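Trainee: this one's structure only:
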């Protein structure tokens, strides 16, 4: 890929806080006009990385390039990036319009142009009629849109979003997701979105970087991350999965032959080059079929049901005591096995993967 | 909340409360009531009158008290401005500089004037001024007042600062404001209620101070409290009660304002 198509390039960035290392040599490229998500649990370094791009944190080692230019050492007010903060940080003593104009005026725009641009951006987020209000007079969702408008008004090269949906309630969060995605397409600005919510990441992103303990575990499209996780952490953190302890018989390229608990041989894709021995097989609950016991991959006893509305989740126990979940779509034709019944489980061949630890 | 731990059900609660209220406020009420006495006596009630208030402004002692009141106001305004500025700088440094070596020590030093017995500060100030050959007068009073007003201004300002998350300044700088602009355009307006509250508190503390003022004032320089004290030494006249009641009124107004401003600032996030 040509370097001019890269909006932000993070190159071997290390961040120490005293003895604690928040980022261990993180490298990733964010493309132009891309919705890029940093996904991970709290403390994984995703917010530190975002703050380093914004300029609020210095980096101990490595470089961050914006359109090929090194940002190292530049203070936040000299970086052409804007941030949507988790709690929005709207200035309470200014009106909505004054908030949106703040960045424009600091950049040297004339008052007239700033007012015009401010109103255009408020139109874009459908808040034009609230221009004269104070932020505290708006609802949480409206405040969130003001924060977006304020950050987008100066036409940043990249927009940074620090868990901007976490302060909203669930129903609102879902509708804001599609609005945010539409806004990103409309403006064509690269968004770097930080979240710990895997569903948010999967539904909005063009690409996701899954982080844990200050390291990038995997970068890929939502489909790649979900269907071809490279290791146990990614498989477990993104979506729900069953991790089965299996014996590896042989590995040839990307395909492994393993022995399932109960002794059935099974062939599946393997994440990386692994040593023979024991490994973990990831099988998503919705990619397991229920059949008659005996000639299936695994035999199990049903121990419970959970009703999820769209799905029914079964808890089952294998003969070696391991517990798994299986999802059945909730429809009239679905027959749900009873608790205590012995069933056969058939793993979808392409969907179960052998993972690195 | 009517449990066994309810304070109101402790034996003697009412008696103790009433005793405290009487001891604290009865003298003030007596002074305020007798300032409206028509008689020259300070113990016998001779009917309602504003004579002594008129006397304060036009009577034989009026020029002396006016001079003293003007001195008090000049000192209180200047001392409050200086102390508030220093306290604002201190509050910003203490809440924004993160952890630094000597932070606890700095905090103790800022608030030390609250803990040191006032008479010690008074003696120390006098000794210090004479040691460096600083002629006592209005200026020595001002310097001494600035010092002891700092902690009073500091407390409401720092309380306000602690409720302002630093993301506001970060948002300002993210939106191309220099650190100086982030301070003047965002942080300072948000701090304003605390600063006003601190200013009013410092003002009233300075206006009321007697002990330190009496030590460091030069010969012939009087503030309102020292003038009142001087006058009382020659016998208590009812006009003193009128002046005292006026000062009480000013204090109540300022302290209430300080509290109200501090409160509105906190309600609005």
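Mentor: Arrived safely, thanks for sending. Bear in mind the structure is a predicted one, so any value in this text is a computation, not a measurement.

Trainee: ok, residue B:106 - how many residues close by?
Mentor: Residue B:106: 15 surrounding residues under other Cβ atoms under 10 Å in any protein chain shown. Backbone N, C-alpha and C define where each C-beta goes, glycine included.

Trainee: ok, now residue B:258?
Mentor: The burial count for residue B:258: 22, using other Cβ under 10 Å.

Trainee: Need the nearest residue in space to it, chain neighbours excluded.
Mentor: Spatial nearest neighbour of residue B:258, chain neighbours left out: residue B:200 (3.9 Å); criterion: Cβ to Cβ, 6 or more residues apart in numbering or on different chains.

Trainee: what do you get for residue B:28?
Mentor: Among residues not flanking residue B:28 along the chain, residue B:248 sits closest, at 6.6 Å (Cβ to Cβ, 6+ apart).

Trainee: and residue A:16, helix, strand or coil?
Mentor: On the three-state scheme (DSSP: H, G, I helix; E, B strand; the rest coil), residue A:16 is labelled strand.

Trainee: Quick check, the residue nearest to residue B:258 in contact with residue B:257.
Mentor: Yes. With contacts counted by Cβ atoms under 8 Å, residue B:200 reaches residue B:257, the gap being 5.5 Å.

Trainee: picking that back up, name all residues that make contact with the residue nearest to residue B:28.
Mentor: B:28, B:31-32 (Cβ atoms under 8 Å, 6 or more residues apart in numbering or on different chains).

Trainee: Buried subset of the residues you listed as a ChimeraX selection?
Mentor: Buried residues within the contacts of residue B:248, by 16 or more other Cβ atoms under 10 Å in any protein chain shown, are selected in ChimeraX with:
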select /B:31,32
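
Trainee: a markdown table for the contacts of residue B:248, including pLDDT and secondary structure?
Mentor: Below are these laid out as a markdown table (pLDDT from 0 to 100; DSSP: H, G, I helix; E, B strand; the rest coil):
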| residue | pLDDT | secondary structure |
| --- | --- | --- |
| B:28 | 91 | helix |
| B:31 | 87 | helix |
| B:32 | 89 | helix |
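
Trainee: one step back: so the residue nearest to residue B:258 lies in a helix, does it not?
Mentor: Yes. Checked against three-state DSSP, residue B:200 lies within a helix.

Trainee: Just give me the neighbour total for it.
Mentor: Neighbours of residue B:200 under the rule other Cβ under 10 Å: 25.

Trainee: Next: residue B:84.
Mentor: Neighbour count for residue B:84, taken as other Cβ under 10 Å: 28.

Trainee: Can you say which helix or strand has residue A:186 in it?
Mentor: Element membership for residue A:186 (DSSP states H and E) is helix A:170-187.

Trainee: Return the list of helices and strands in contact with that helix.
Mentor: helix A:140-152, helix A:198-204 (3 or more Cβ pairs under 8 Å, 6 or more residues apart in numbering or on different chains; DSSP states H and E).

Trainee: neighbouring contacts of the following helix or strand past the shortest one?
Mentor: Later in the chain than helix A:198-204, the nearest helix or strand by DSSP H and E is strand A:207-212. Residues from elsewhere that reach strand A:207-212 (Cβ under 8 Å, 6+ apart): A:26, A:28, A:31, A:34-41, A:44-46, A:49, A:201-202, A:216-222, A:225, A:233-234, A:237-238.

Trainee: go again using 7 Å as the cut-off
Mentor: A:28, A:34, A:36-41, A:44-46, A:201, A:216-222, A:225, A:233-234, A:237-238 (Cβ atoms under 7 Å, 6 or more residues apart in numbering or on different chains).

Trainee: Check stretch B:102-119 too.
Mentor: Taking Cβ under 7 Å, 6+ apart as the rule, stretch B:102-119 contacts B:90, B:94, B:121, B:147-148, B:150-151, B:154, B:211-212.

Trainee: Just list what the top helix by length along chain B packs against, helices and strands only.
Mentor: In chain B, with assignment by DSSP state H, the single longest helix is helix B:62-96. Counting contacts by 3 or more Cβ pairs under 7 Å, 6 or more residues apart in numbering or on different chains; DSSP states H and E, helix B:62-96 is packed against helix B:103-115, helix B:138-162, helix B:188-208, helix B:224-233.

Trainee: Output those as JSON lines; include the columns mean pLDDT.
Mentor: Formatted as JSON lines, these follow (pLDDT from 0 to 100):
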{"stretch": "helix B:103-115", "mean pLDDT": "87"}
{"stretch": "helix B:138-162", "mean pLDDT": "93"}
{"stretch": "helix B:188-208", "mean pLDDT": "93"}
{"stretch": "helix B:224-233", "mean pLDDT": "90"}
